[in-house]
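# sequence first, then the predicted structure:
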Amino acid sequence: MTQSYPAVTLSIRISPDIQNQLNELSEATGRTKSFLAAEAIENYLTTQAWQVSAIKQAVKKANTKGAKFIDHKKVTDWISSWGSTNDQDMPK
């Protein structure tokens, strides 16, 4: 975690179970609970940013002229056939 700016304080409410897990991890790693919480939040935000970016790209692609779509029922039927004795080909 790189930090080139002053830290700010954030208060959050967590369940006792999460608090216990955080205490155990802090003791096991020698890291402060604040460090671990900040690292977890940073990792979560990185993951969410990737997903939001991928969704935005997909929507942009879907909105282009000539975008092709497959009927929902065809897709669900195809997926439902996976692992059966009657595997269907991917719909086009």
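All right, it came through fine. Numbers count the residues shown, from 1 in each chain.
# residue contacts, residue 81?
By Cβ atoms under 8 Å, 6 or more residues apart in numbering, the contact list for residue 81 reads 87, 88. Yep, even glycine has a C-beta here, placed from its N, CA and C like the rest.
# distance of it from residue 41?
Residue 81 sits 41 Å away from residue 41, taking Cβ to Cβ, to the nearest Å as the criterion.
# need the three-state assignment for residue 67.
The local conformation at residue 67, judged by DSSP: H, G, I helix; E, B strand; the rest coil, is coil.
# need the longest helix for the protein.
Criterion DSSP state H: the longest helix present in the chain is helix 33-62.
# for it, packing partners?
helix 16-29 (3 or more Cβ pairs under 8 Å, 6 or more residues apart in numbering; DSSP states H and E).
# circling back: I'd like the next helix or strand past the longest helix of the chain.
Sequence-wise, the next helix or strand downstream of helix 33-62 (DSSP states H and E) is helix 72-81.
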